[in-house]
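> Predicted model and sequence follow; I will ask about them next.
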Amino acid sequence: MLEAIRHYSTPADQVNPLTKILIAVGLFLTVIFIHDPNHLFHLSILMLILLALLSGVKIRYLALFTVTILFFGMISSLYMIFYGEGTTTLLRFGIVHITEESAVRGLHIMMRGVVLSFFGALIVFTTRLTDVFYSMMQQGRLKPKFAYAFMAAIRMVPIIAGEYMTLRRARKVRRPLIHRKYISGYKGFSTTIITLLSQSIRRAYRLGIAMESKGFDDGARTYYHRTSFSVLDIIFIIVIILTVISASELGQWYSPFPTRDAR
Amino acid sequence: MVKRNGLTLTDVLVTVVIALVFSFIYSIWGGVYTALEPLGLHLNQLLYGMWFIAAVVAYLIIRKPGVALIAEFAAASGETIVLLQFDVMLIVYGLIQGLACEIVFAIVKYKSTSLMVAVTAGVAAALSTLPLDWYYGYLGQLATWNLLLMFGFRVLSGALIAGGLAHLLYQGLKGTGVLKLVGRKVPADEGL
């Protein structure tokens, strides 16, 4: 996926998509149980290095991506920085009350998001979307009707987007002629979404019937695209586990945060 | 079409497409959600119900077991597809919210399409992820008034957007006649 912005392909491309997704879920659970901000600090740096090495994405796109992630991560943790409980006051301004404890906790929450985003990006850059569904069917024992329904629906996204643009343009042209409520407000929203939904349901229904009659239903089948597990999956799992452990060790050695527990 | 009560490929396809339409819409509007965040006052929580409206709408249309869960999964992964951004958290949250809706719908045996059911499902979904947020976002360490604000906004949003708005959209869709094609066939006197 996204070959245009990549330098080279990496071994991570060959890892089974199912493995990557399961690791992502595991990482999510791990991150929830990490309370040491120093551990997370090093983990997010190591994740960035992994992303840079294994994704093969050109450096300027990577830089742009990193800045975006940090910015949005910061924004989404502001609630804790501003209103979290703590005793050592750093700044008080109206209802905003920033304390050392709440600032560390806020940054901790931000780094959780950052770690997950970096790993998520690694998956997106190294996985073809259709392969996810093929491996879910072949290794994950997902029923084909679910997988093919998803893949067919994904192909409809550009059509939906196109329809939305048409609708918007049509409104733009008619703007002086129709009442404002059909453009903004609830009426505008509902007419847009009901149009999009009803068209999409009709199209999905037609396509669904066609696919059912062509045998895209349950039952034994063969595949042209094959996915499988390999030794790379095991290596990938070990690399991620080693990353989490070494981040913890690095946190002991160099601690940018004064506390070991963000709670 | 063969009359079956289980999910057919068409049902799944329609569900996923409905969810993708929603994920497309809120990929555009996701900016609003983020724009409301900086104040830290949880105004963004007022829009929270939008994240699981797909499950309620899909259920109202199809009324079969599993639809809410699939719709939520699709809406959550829809962001990956539309924005090319893979977020595990979103998918885990989506699955939990879908499950919460699913439980409510199972209680009414996948029959009722009343407003109350939609609202209940919306509130259930809004509450379902609080335990996870509690651990992830250290909500216990938040000033009490701020926590209550977030809590209130979220439940309100679940009821209004995922419940009320979803039901309005359902009725609007019914008016277009497209719903005759899909969903479980019910006797004419049933439902709304």
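Received the coordinates, thanks. Numbers count the residues shown, from 1 in each chain, chains lettered A, B, ... in the order given.

> Read off the pLDDT value for the residue of chain A at minimum distance from chain B.
Going by CB to the nearest CB, chain B is nearest to residue A:208 of chain A, at 3.0 Å. Where C-beta positions appear, they are placed from N, C-alpha and C, glycine not excepted. Model confidence at residue A:208, expressed as pLDDT, equals 90.

> confidence score at residue B:155?
pLDDT at residue B:155 comes out at 90.

> can you pull the buried residues of the strand or helix carrying it?
Residue B:155 belongs to helix B:144-157 when assigned by DSSP states H and E. Neighbour-count burial for helix B:144-157, counted by 16 or more other CB atoms under 10 Å in any protein chain shown, picks out B:146-147, B:149-151, B:153-157.

> Looking at the residues you listed, which is nearest residue B:55?
Lowest distance from residue B:55 to these (CB to CB) belongs to residue B:157, with 14.4 Å.

> And for the closest one, nearest residue in space, chain neighbours not counted?
Distances taken as CB to CB, 6 or more residues apart in numbering or on different chains place residue B:49 nearest to residue B:157, at 3.9 Å, with adjacent residues excluded.

> Spit out the contact partners of the one you found.
B:122, B:125-126, B:154, B:157-163, B:165 (CB atoms under 8 Å, 6 or more residues apart in numbering or on different chains).

> Quick check: it vs residue B:118, distance?
Remark: distance between residue B:49 and residue B:118 (CB to CB, to the nearest Å) = 11 Å.

> swap in residue A:263?
Residue A:263 is 38 Å from residue B:118, by CB to CB.

> May I have the predicted confidence score for the spatially most central residue of chain B?
Nearest to the centroid of the C-alpha atoms of chain B, with distances taken as CA atoms, centre = their mean, sits residue B:52, at 2.0 Å. As predicted, residue B:52 sits at a pLDDT of 84.

> That one touches residue B:96, doesn't it?
No. Using CB atoms under 8 Å, residue B:52 is not in contact with residue B:96; the gap is 9.8 Å.

> Poorly predicted segments of chain B, please.
B:1-5, B:29-41, B:81-85, B:184-192 (pLDDT under 70).

> same thing but 50
B:1-3, B:189-192 (pLDDT under 50).

> now the helices for it?
Taking DSSP state H to define them, one finds helices in chain B at B:9-35, B:53-62, B:67-83, B:88-107, B:115-128, B:130-136, B:144-157, B:166-176.

> Of those, which stretch is the most buried?
helix B:53-62 (a mean of 30; mean count of other CB atoms under 10 Å in any protein chain shown).

> hmm, it in reach of chain A?
Yes. On the criterion CB under 8 Å from any CB of the partner chain, helix B:53-62 is in touch with chain A at B:57, B:61.

> do the same with stretch B:169-176
Yes. Looking at stretch B:169-176 against chain A by CB under 8 Å from any CB, the contacts come from B:169, B:172-173, B:176.

> Which residue ranges of the stretch 151-263 of chain A form helices?
With DSSP state H, counting those that start in this stretch, the ranges of helices along the stretch 151-263 of chain A come out as A:185-213, A:231-253.
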